[in-house]
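Novice: Return a 3D structure for these sequence lines:
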Amino acid sequence: MRLGPQGDGLRGCRPHGGGTNRARDILGQGHSGGRRGQEATYEELGVAQADLVQAGLLKNPSLGFAVRFPEGSTGVVSTDFSLAQEFLDIFMLPLRKRLAAEQFEQAKLRLAGEVFQLVGKVRQDWYALQALGQMVELRRTVLEAAQVSAELAQRQLQAGNIGDLEVETQRDAYEQARVDLARDELLFEAQRERVTRLMGLWGPQTEWRFSSQLPALPASEEPLDHVESVAISQRLDVASARQESRILAQALHVANTSRFVGSVEIGVSRQTGPEPGIRVTGPTLRLELPIFDRRQALIRRIEAQLRQSEKRLASVSVDARSEVRTARLTLLAARQVVDHYRNVLLPIRERTVKLSQERYNAMLLSVFQLLLAKQAEVDAYRRYIEAVRDYWTARVDLERAAGGTLKASADVHSDTHPTVVPLAPSDTVKKEGLR
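Specialist: Modelled structure (predicted):
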């Protein structure tokens with residue numbers, strides 16, 4: 001399996017339609033990279049669907065049988081058969097089915113929200129993995145430059161040009177570069193395993209490959225008003241809170257409709273006796289008199305829950321707008337850092353290396369100073385990669401806050417994988433020997 005730098009198999013759906021439609025889209029995508037533990041939460045849909053089916057079933061009819069024995073020596077045994085069905089249950093069936101259907105939609109919204117958050121988490125870890133892959137490459141470059149510097153220092157010591165202090169300094173830098181490379185390689189493997197766990201892969205699937213290059217930054221960012229409107233219409237937690245209010249409103253309607261009507265049973269009864277050969281058959285009606293319990297406590301409870309749900313919806317909506325604004329400010333700040341590195345700091349470091357190379361060629365600069373300039377350039381590239389990683393992490397946070405993937409055109413001028421060419425050992429030794 002090969003996944004592109006954008007992590008295409010892991011991206012959430014773009015904002016189209018209402019929250020319920022987005023829930024169907026997310027749950028219908030069937031991400032093969034779902035975590036195994038996450039699959040257990042899918043069974044919540046099975047529970048909600050079972051409740052929906054149960055709401056569409058009528059109560060079973062009740063069958064009654066009674067036997068009456070004579071108290072004296074005269075008379076015959078009397079029997080009574082009855083068959084009754086709850087009538088109010090038939091009347092309330094459409095309302096009950098509609099309420100269960102709304103609860104099923106809320107369960108889908110809640111589960112889709114968890115899946116969407118998981119997708120965002122996988123994407124963030126994916127970008128961190130790509131950044132670590134580039135870090136390892138840069139660490140190898142630093143190690144190669146440090147190795148060159150240490151070898152040159154040893155040769156110059158043998159030629160009597162430098163002392164032991166300079167040699168030990170270069171050896172220290174080389175050994176530290178080895179430790180840094182080993183640490184970043186370990187972090188890379190650990191992050192790869194983390195992504196593997198999140199995608200639920202095992203066995204041969206763990207040998208998946210990917211591009212270690214971070215994607216290019218988009219040419220522009222979304223307007224704030226647009227992102228806020230997307231958050232209110234597309235965030236699944238907002239849709240779930242809205243659905244909860246709708247469910248409680250319907251439950252209140254059902255409770256008010258049936259508050260003055262208790263249990264109503266209609267059936268048929270057949271009785272034999274007490275005279276031999278006489279049988280009587282006729283309808284039966286049994287009513288529950290709502291004298292003491294007219295569901296006033298239930299109605300008050302649902303009314304309080306409805307007010308609570310409405311306040312929760314207002315709070316979630318306000319929080320969603322605030323989270324979008326915070327996430328977008330973080331994204332813009334991260335973009336400014338990336339642009340500053342790309343347009344200011346990196347060109348300065350590159351020009352410093354170029355000037356150092358010219359002065360080295362003119363025998364005005366030592367090889368160690370040239371290597372230090374090269375290491376400073378590599379360090380700037382490392383921080384640049386970290387800045388790009390932070391940008392994509394912030395962008396995922398913004399998309400999670402907005403409840404959908406943002407549309408943006410790629411910036412073709414962005415280069416997140418700059419080439420750092422180390423000095424070749426043979427060239428450096430040759431140049432040093434001309435001095």
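
Novice: where in this structure is pLDDT low?
Specialist: Residues of the chain that meet the criterion pLDDT under 70 lie in 1-41, 72-75, 222-225, 273-277, 407-435.

Novice: Taking the centroid of it, which residue is nearest it?
Specialist: residue 117 (1.5 Å; CA atoms, centre = their mean).

Novice: quick one: that one and residue 401 touch, right?
Specialist: No - with contacts defined as CB atoms under 8 Å, residue 117 does not count as touching residue 401, sitting 11.0 Å away. (Glycine included, C-beta is placed from N, CA and C.)

Novice: Is the residue nearest to the centre of the chain within a helix or a strand, and which one?
Specialist: Here residue 117 sits within helix 87-159, counting by DSSP states H and E.

Novice: and what of residue 268?
Specialist: Per DSSP H and E, residue 268 falls inside strand 264-272.

Novice: Now that strand - C-alpha only, CSV.
Specialist: In CSV, the C-alpha atoms belonging to strand 264-272 read as follows (Å, rounded to 0.1, in the frame of the first residue of the first chain):
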residue,chain,number,x,y,z
VAL,A,264,-56.5,1.6,26.8
GLU,A,265,-57.0,-2.1,26.1
ILE,A,266,-59.6,-3.3,23.6
GLY,A,267,-60.4,-7.0,23.1
VAL,A,268,-63.0,-9.8,23.0
SER,A,269,-64.2,-12.1,25.7
ARG,A,270,-66.1,-15.4,25.7
GLN,A,271,-67.7,-16.9,28.7
THR,A,272,-69.4,-20.2,29.3
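
Novice: and the helix or strand that comes right after that strand, what other elements does it pack with?
Specialist: Following strand 264-272 in sequence order, the next helix or strand is strand 279-287 (DSSP H and E). Judged by 3 or more CB pairs under 8 Å, 6 or more residues apart in numbering; DSSP states H and E, strand 279-287 is in contact with strand 78-86, strand 264-272.

Novice: Any idea which of the ones you listed gets closest to residue 231?
Specialist: For residue 231, the closest of the helices and strands packed on strand 279-287 is strand 78-86, at 45.8 Å, according to CB to CB.

Novice: Each with direction, which strands does the closest one pair with?
Specialist: strand 62-68 (antiparallel), strand 264-272 (antiparallel) (DSSP bridges).

Novice: Just give me how far the longest one sits from the chain centre.
Specialist: The gap between where strand 264-272 is centred and where its chain is centred comes out at 58 Å by CA atoms, centre = their mean, to the nearest Å.

Novice: how big is the angle separating it from strand 279-287?
Specialist: 160 degrees (axes from the mean of the first three to the mean of the last three CA atoms, to 10 degrees).

Novice: So which bits of strand 264-272 are buried?
Specialist: 264, 265, 267, 269, 271, 272 (16 or more other CB atoms under 10 Å).

Novice: Am I right that the second one is in contact with residue 86?
Specialist: Just to be clear, that refers to residue 265. Yes - counting by CB under 8 Å, residue 265 does reach residue 86; the two are 5.7 Å apart.

Novice: quick one: the one helix or strand residue 248 maps to to helix 87-159, angle?
Specialist: Using DSSP H and E, residue 248 sits in helix 236-257. Calculated by the same axes, to 10 degrees, helix 236-257 forms an angle of 170 degrees with helix 87-159.

Novice: and helix 236-257, which residues are buried?
Specialist: 236-248, 250-252, 255.
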